[in-house]
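Participant: Quick one: sequence plus predicted model below, questions after.
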Amino acid sequence: MLSRYHVSLGKLIEELGGPPARGLTPALTPEQVQVIPFLPSPFEKMLVKASLSGEISQKEIGQKYGISQPAVSYRLHRAIERLEFLSKFPRLPRARMLTLLRSAGLEKDDVSMMVCLYKTTCQSSAAKELGIPPGRVRYRLNRTVTHLEKLVSEGRSDLDSILTALRMIRDNAAILHPLPPPRACSSQAV
């Protein structure tokens, strides 16, 4: 039942230890709750679920994992920003995405890179997976977005969903970059 995770702004402010940050919605929507499993880090999933259920405080989480309460608050804030991003991220089947990117006249390497970026939603993770420098991923992402914008402006509205997804990845690089889990996270669970 989703309502157990639906949290008011007041409770969220209390859990975060301060006022809401930029882009924070007044409550987690059912759409945001549904994307919790897609958070890239098991620690983030646990943190959001534990904090929203109210079963354990940020201070207790910090003590358990050897990090400070402000570090827990920061990680929770980042996880909530990721939920906001993931709840708005366009969903495209891989085959449809490949067809669209190939029809846009992209080079084979760029198609592979954009598919990897779509899968990971993170430039540095895509670079690591592809074995190339992050700067090359950023450059090719920007080049691809510019190319797709031109095609969409010329009437290729079928490319709009992939363009939206790639813009979102480009424009949200800071919140999509993974944080390493606390040292104790690999051996403990809440």
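Facilitator: Sure thing, it's come through.
Participant: Point out where the chain drops to low pLDDT.
Facilitator: Low-confidence regions of the chain, defined by pLDDT under 70, span residues 1-29, 178-181, 183-190.
Participant: Let's see that with 50 instead.
Facilitator: 1-13, 15-26, 186-190 (pLDDT under 50).
Participant: looking at it, which residue ends up farthest from its center?
Facilitator: Distance from the C-alpha centroid of the chain peaks at Glu154, with 30.3 Å (C-alpha atoms, centre = their mean).
Participant: State the phi and psi torsions of that residue.
Facilitator: phi -90, psi 0 (degrees, to the nearest 10).
Participant: Name the surrounding residues that touch stretch 166-174.
Facilitator: For stretch 166-174, contacts defined as C-beta atoms under 8 Å, 6 or more residues apart in numbering pick out 85, 88-90, 114, 117-118, 121-123, 138, 141-142, 144-145, 148, 176. The C-beta positions use only the backbone N, C-alpha and C, and glycine is treated the same way.
Participant: how does the chain divide into domains?
Facilitator: Domains of the chain are assigned by automatic domain parsing as 2-88, 94-175.
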